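1. Could you look at this predicted model? Sequence included:
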Amino acid sequence: MSIITREIAGYLNKSSWIRRMFEAGLELKQKYGPDKVSDFSLGNPDLPPVPAVAQSLRDLADRVDQPLSLGYMPNAGYPTLRQALADRLSQEQRVTLASEHVIVTCGAAGGLNTLFRAVLEAGDELVCPAPYFVEYGFYAGNFGGVLVPVPATPVTFSLDLDAIEKALTERTRVLLINSPNNPAGVIYSQEELVALCDMLRKHSERNGREVFLVSDEPYRFLAYDGVEVPPVLPLYPYSVVIGSFSKSLSIAGERIGYIAVSPQMPQVQDLVRGMIFTNRTLGYVNAPAIGQRIVEAALGANVDVDIYRQRRDCMANLLENAELEFRLPQGAFYFFPKVPGNGDDVQFCQMLQDECILAVPGRGFGYPGFIRLTYCMDKAVIERAVPGFKRAADRMRAS
Ligand code: PLP
């Protein structure tokens with residue numbers, strides 16, 4: 001008899017593909033040396049934090065000997081940061097947000113859990129385009145919710161609106177999108193989002209229960225070639241945006257994110273009060289004090305998107321050289337190319353591993369037949385993988 005629940009034991013037995021590949025990478029690095037391995041498995045933003053972070057820490061050090069300087073605070077975060085976020089998000093989302101529409105959370109991950117705890121009844125469904133960030137299923141499961149993945153159109157990864165419509169039921173409570181997308185790199189267009197909102201409005205009316213549109217946007221700042229990430233808050237009254245500073249300021253370990261709700265939502269203050277309560281009682285209490293001070297000082301700054309763009313172009317060369325079919329990412333820092341030959345994503349990852357290259361099978365994101373590659377690393381790591389990647393792709397095609 002296990003001392004942990006059957007559910008958690010089941011999750012552990014399955015163990016995430018990302019973790020598995022990351023661990024395989026550590027083994028390879030030990031065996032052959034770190035400079036021989038190209039590990040594209042984990043999306044850990046590797047650029048240094050923006051300069052304003054160091055300055056804010058120095059300023060904070062001068063003030064930290066005051067009483068309560070790192071004490072408890074209102075559960076929704078420092079009021080000054082909430083206001084600053086409301087001002088910034090009003091511009092970004094093209095609606096007028098007040099500080100009461102924003103809660104500071106422990107990253108986007110904490111924000112998703114805080115929201116789900118407040119709106120999900122056991123058995124409620126969350127419809128989500130696949131491929132998707134694998135933690136979504138666990139976050140929904142924390143509160144008895146069930147993730148219902150709907151495959152996106154292959155290779156373009158645009159929303160398959162017909163398939164989404166078919167997946168909506170009377171138990172659907174959340175339609176969860178992530179744009180720019182991890183792992184597909186797609187940014188949903190204004191037209192797709194308008195059509196999606198129209199569908200949700202009709203479904204909610206027919207069903208007598210609102211479906212929330214939740215847009216998870218930790219990569220909003222990371223869009224290339226002038227592509228805009230259309231704001232969802234003006235499109236639908238039951239919309240919620242969740243974001244974070246993990247990637248934009250490169251402070252992922254500091255755990256600061258936010259939830260912003262549409263000011264047009266009927267009973268919006270009930271939802272906000274509910275989420276302030278769940279943020280507290282999930283044990284977060286409030287987002288970290290130092291992280292909030294850093295974000296307040298650095299708000300508006302971003303790491304250099306051009307560095308990621310150069311890496312993206314470098315990885316596109318690697319894939320073209322190996323003759324793989326892929327969509328050039330519009331945003332975020334992942335490629336999701338199609339597996340050549342028989343399309344077996346696990347087999348392809350094994351062949352890449354034989355070349356000291358780590359990738360994650362698409363089935364780990366609910367989308368077999370593809371692999372995910374991260375480009376959170378120096379261009380040199382990508383460049384040295386070019387010949388091995390081609391050999392593995394050729395082997396796949398021949399198998
Ligand atoms: N959502 C997506 C799509 C992500 O890729 C990540 C992290 O990689 C998160 C949420 C969680 O981010 P945070 O560090 O802000 O909790």
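-> Nice, I can see it.
2. so Leu213 sits in a strand?
-> Yes: the assignment for Leu213 by DSSP: H, G, I helix; E, B strand; the rest coil puts it in a strand.
3. I'd assumed Glu121 was in a helix, is it?
-> No: assigned with three-state DSSP, Glu121 falls outside any helix and is coil.
4. okay, now it: neighbour count?
-> Neighbours of Glu121 under the rule other CB atoms under 10 Å: 10. Every C-beta, even on glycine, is put in place using the N, C-alpha and C of the backbone.
5. for it, phi and psi?
-> Main-chain torsions, Glu121, degrees, to the nearest 10: phi -90, psi 160.
6. Can you read off the pLDDT for it?
-> On pLDDT, Glu121 comes in at 97.
7. Which single residue in the stretch 51-200 of the chain comes nearest to the ligand?
-> The ligand sits closest to Gly107 of the stretch 51-200 of the chain, with a gap of 2.6 Å, by CB to the nearest ligand atom.
8. so what's the nearest residue to Leu57 once chain neighbours are set aside up against?
-> Closest residue in space to Leu57, ignoring its immediate chain neighbours: Ile294 at 6.9 Å, by CB to CB, 6 or more residues apart in numbering. Shown in contact with Ile294 (CB atoms under 8 Å, 6 or more residues apart in numbering): 52-53, 56-57, 60, 249, 251, 254, 256.
9. try it again with 7 Å
-> Contacts here follow CB atoms under 7 Å, 6 or more residues apart in numbering; on that basis Ile294 touches 53, 56-57, 251, 254.
10. Show me which residues of the stretch 151-300 of the chain sit near the ligand.
-> With CB under 6 Å from any ligand atom as the criterion, the stretch 151-300 of the chain comes near the ligand at residues 178, 182, 216, 218, 244, 246, 252, 257.
11. Which ones among the residues you listed map onto strands?
-> With DSSP state E as the criterion, strands contain 178, 216, 244, 257 from among those.
12. Touching, the second one and Ile242? I think so.
-> Yes: with contact taken as CB atoms under 7 Å, Asp216 and Ile242 are classed as touching, separated by 5.1 Å.
13. Overlap in contacts, the two.
-> Common contacts of Asp216 and Ile242 (CB under 7 Å, 6+ apart): 108, 112.
14. Next, the spatially closest residue to Leu12 that is not a sequence neighbour: secondary structure please.
-> Nearest residue to Leu12, sequence neighbours excluded (CB to CB, 6+ apart): Ile4, at 7.8 Å. Judged by three-state DSSP, the three-state class of Ile4 is coil.
15. Relative to the ligand, how far out is Ile4?
-> Ile4 is 24 Å from the ligand, where distance means CB to the nearest ligand atom, to the nearest Å.
16. Can you get me a residue count around that residue?
-> Ile4: 10 neighbours (other CB under 10 Å).
17. Show me the strands in the stretch 101-250 of the chain, by range?
-> 102-105, 125-130, 146-151, 172-178, 212-216, 239-244 (DSSP state E, counting those that start in this stretch).
18. helices or strands up against the third one?
-> Spelled out, it's strand 146-151. strand 125-130, helix 135-141, helix 161-167 (3 or more CB pairs under 7 Å, 6 or more residues apart in numbering; DSSP states H and E).
19. try the shortest one
-> Taking 3+ CB pairs under 7 Å, 6+ apart as contact, the helices and strands that strand 102-105 lies on are helix 79-93, strand 257-261, helix 268-279.
20. Sheet partners, orientation included, of it?
-> Strand 102-105 has the following strand partners under DSSP bridges: strand 257-261 (antiparallel).
21. Of all the residues in the strand it pairs with, which ones are buried?
-> Residues of strand 257-261 classed as buried: 257-261 (neighbour count, 16 or more other CB atoms under 10 Å).
22. Among the residues you listed, which pair sits farthest apart?
-> Spatially, the most separated pair among the buried residues of strand 257-261 is Gly257 and Val261, at 14.1 Å (CB to CB).
23. Quick check, pLDDT for the residue of the stretch 51-200 of the chain closest to the ligand.
-> On the pLDDT scale, Gly107 is placed at 98.
24. Go ahead and confirm it touches Ser246.
-> Yes: contact criterion CB under 7 Å: Gly107 and Ser246 qualify, at 5.9 Å.
25. between the two, which one's more packed in?
-> In terms of neighbours (other CB under 10 Å), Gly107 is the more surrounded of Gly107 and Ser246; the figures are 26 against 22.
26. which one of the helices and strands packed on strand 102-105 is the most hemmed in?
-> strand 257-261 (a mean of 26; mean count of other CB atoms under 10 Å).
27. can you dump the C-alpha coordinates of it into PDB?
-> These are the backbone C-alpha positions of strand 257-261, laid out as PDB (Å, rounded to 0.1, in the frame of the first residue of the first chain):
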ATOM      1  CA  GLY A 257       2.900  36.300 -12.500                       C
ATOM      2  CA  TYR A 258      -0.600  37.800 -12.700                       C
ATOM      3  CA  ILE A 259      -4.200  37.300 -13.400                       C
ATOM      4  CA  ALA A 260      -6.200  40.000 -15.200                       C
ATOM      5  CA  VAL A 261     -10.000  39.700 -15.700                       C
END
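28. Report the distance from it to the chain centre.
-> Centre-to-centre, strand 257-261 and its host chain are 14 Å apart (CA atoms, centre = their mean, to the nearest Å).
29. Run through who's touching it.
-> The contact list for strand 257-261 (CB under 7 Å, 6+ apart) reads 85, 89, 93, 97, 101-108, 110-111, 114-115, 233, 240-245, 268, 271-272, 275.
30. for stretch 302-313, same thing?
-> Here stretch 302-313 has contacts from 47, 50, 221-222, 224, 248-250, 329, 333, 375, 379, 382, using CB under 7 Å, 6+ apart.
31. Now do the same for Ser15: its pLDDT.
-> Listed pLDDT for Ser15 reads 67.
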